[in-house]
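Engineer: Sequence first, then the predicted structure:
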Amino acid sequence: MKNQMWSGRFSGVSDELLKEFNASLNIDKELFKQDIKGSIAHASMLKHCGILNQNELDAILKGLKQVKSEIQNGDFVFNIDDEDIHMAVEKRLSEIIGKEIGGKLHTARSRNDQVATDFKLFVKESLLELELLLKELILTLIAHAKEHKKSIMPSFTHLQHAQPISFSFWILSYAFMFKRDILRLRNSLELADECPLGSCACAGTSYKTDRALSANLLGFKKPMQNAMDGVSDRDFALDLLYDIAVIFTHTSRLCEELILFSSSEFNFIAISDSFSTGSSIMPQKKNPDVCELIRGKTGRVYGNLIALLTTMKALPLAYNKDMQEDKEGVFDSVKTAKKSLIILNAMLKEMQVKKENLLKACQNGHLLATDLADYLVREKNIPFREAHFIVGKVVAYAENKGIDISEIENLTEIDNVFDKEAMKILDFEHSLNSKQSEGSSSISSIEKQIENLEDFLKAK
Ligand code: ARG
């Protein structure tokens, strides 16, 4: 019995185990829209080149439209005997319009270029969707930044108190990471803008096709230049997986900080009840599960990248069935990224910032020590190394008294190089605004940073 579209040369029936193992339909049915879109472009190109006539094209387009609505309405019967979405759609098309015409759709095409095209269309759409979600996220971060230009908090290096900054400055650092993520997605989109369709099995076709036309109909800039590369390339999927991995590097760092900052030890922020969970045993608990899950999902998306890199490594050209393994991880990473970005944004919108606690935390850890040393260099012409040593004495004095250097009442008592003016340095807001370098934590710099981000969001 011949039970497959490709079974012309086979005399035996496929083993049930093989059928199940070989089929990708359960995964790649996700690509039905792209598959039908690709077929519409292909058929239109065939008609343009005189390979199909108008009647045939009309029948194919009508049939494909019906297949699409059957799938969308849930009326389509997916059967793994059809192996994958490409054959499932084509078989149903032939049932609807008859094999005579339906059978012509696959002229000058192979599943190898078909799957590469469908998958690339999906990847391109995902790149654009992720860009929109990142833009939304940046808007939320900007809203917090605008509100907290003067909410002074400690910065950390080695997770130890470092220098005073504002909450605004802290949150903007993430906005710039997400801006870079958008630029990275755009780079990937640019590279993915060449269409594999028409590469056929691996060597092109003897029909006189117009690949630029089908590429154009599908929204690609141009066709891929080498048919063998056309069917073998999965760089576009790797690029997307890497882009998502980097996004998660950023979200995992943000989530980690939100977890720390919402703990009772820090108590800098409150995550709203609607995005927190309780404990089944400890009635007092309010857990930052959303942040923990996003941090945890980073492992999955890194794994998906490594998995596809490994699948593609040392794979001989052109198409090999190994490449059927390319989709599941990509679908998973895209879904995971979309869901995570949406919930992270919603959670951040409701986040409360505890301004007083931020300031209180500044009074611990001698955050102004560097400012004092810079003052000695600037105003007293003392070499920085010596200034560093003098301020070290100030810190030791404060430690001895069990106070922070911001609480010292008379600096001259410690070293007579200090005069009254020096006392002005021991002020957190003064510290913030004394920063002059581009990209610093001063309010005027923060305003420029917000402007930079807003211009970026407006531009495209
Ligand atoms: N289901 C296959 C995949 O996802 C489609 C391409 C099959 N090509 C082939 N020559 N068997 O990769």
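Structural biologist: Ah, there it is.

Engineer: wait, Lys204 sits on Ala227?
Structural biologist: Actually, residue 204 is Gly rather than Lys. Yes: shown here, Gly204 and Ala227 form a contact pair, counting by C-beta atoms under 8 Å, at 4.4 Å. (Glycine included, C-beta is placed from N, CA and C.)

Engineer: If you count contacts, what does the helix or strand in which Ser44 is found end up packed against?
Structural biologist: Using DSSP states H and E, Ser44 sits in helix 32-48. Helices and strands touching helix 32-48, by 3 or more C-beta pairs under 8 Å, 6 or more residues apart in numbering; DSSP states H and E, are helix 54-72, helix 85-97, helix 111-147, helix 211-217.

Engineer: tell me how far the first one is from the chain's mean position?
Structural biologist: Yep, that's helix 54-72 we're talking about. On the basis of C-alpha atoms, centre = their mean, to the nearest Å, helix 54-72 is displaced by 35 Å from the centre of the chain it belongs to.

Engineer: send the alpha carbons of that helix over as PDB?
Structural biologist: These are the backbone C-alpha positions of helix 54-72, laid out as PDB (Å, rounded to 0.1, in the frame of the first residue of the first chain):
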ATOM      1  CA  GLN A  54      -5.200  31.500 -14.600                       C
ATOM      2  CA  ASN A  55      -7.900  28.800 -14.000                       C
ATOM      3  CA  GLU A  56      -5.400  26.700 -12.100                       C
ATOM      4  CA  LEU A  57      -4.200  29.700 -10.000                       C
ATOM      5  CA  ASP A  58      -7.700  30.700  -9.200                       C
ATOM      6  CA  ALA A  59      -8.600  27.100  -8.100                       C
ATOM      7  CA  ILE A  60      -5.400  26.900  -6.000                       C
ATOM      8  CA  LEU A  61      -6.000  30.200  -4.300                       C
ATOM      9  CA  LYS A  62      -9.600  29.400  -3.500                       C
ATOM     10  CA  GLY A  63      -8.600  26.000  -2.200                       C
ATOM     11  CA  LEU A  64      -5.900  27.400   0.000                       C
ATOM     12  CA  LYS A  65      -8.300  30.000   1.400                       C
ATOM     13  CA  GLN A  66     -10.600  27.200   2.400                       C
ATOM     14  CA  VAL A  67      -7.800  25.100   4.000                       C
ATOM     15  CA  LYS A  68      -6.800  28.200   6.000                       C
ATOM     16  CA  SER A  69     -10.300  28.800   7.300                       C
ATOM     17  CA  GLU A  70     -10.800  25.100   8.100                       C
ATOM     18  CA  ILE A  71      -7.600  25.200  10.200                       C
ATOM     19  CA  GLN A  72      -8.600  28.500  11.900                       C
END
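
Engineer: tilt between that helix and helix 85-97?
Structural biologist: Taking axes from the mean of the first three to the mean of the last three C-alpha atoms, to 10 degrees, one finds that helix 54-72 is oriented at 120 degrees with respect to helix 85-97.

Engineer: So for stretch 9-21, first residue to last residue, what's the gap.
Structural biologist: Stretch 9-21 has an end-to-end distance of 21 Å (criterion: C-alpha to C-alpha, to the nearest Å).
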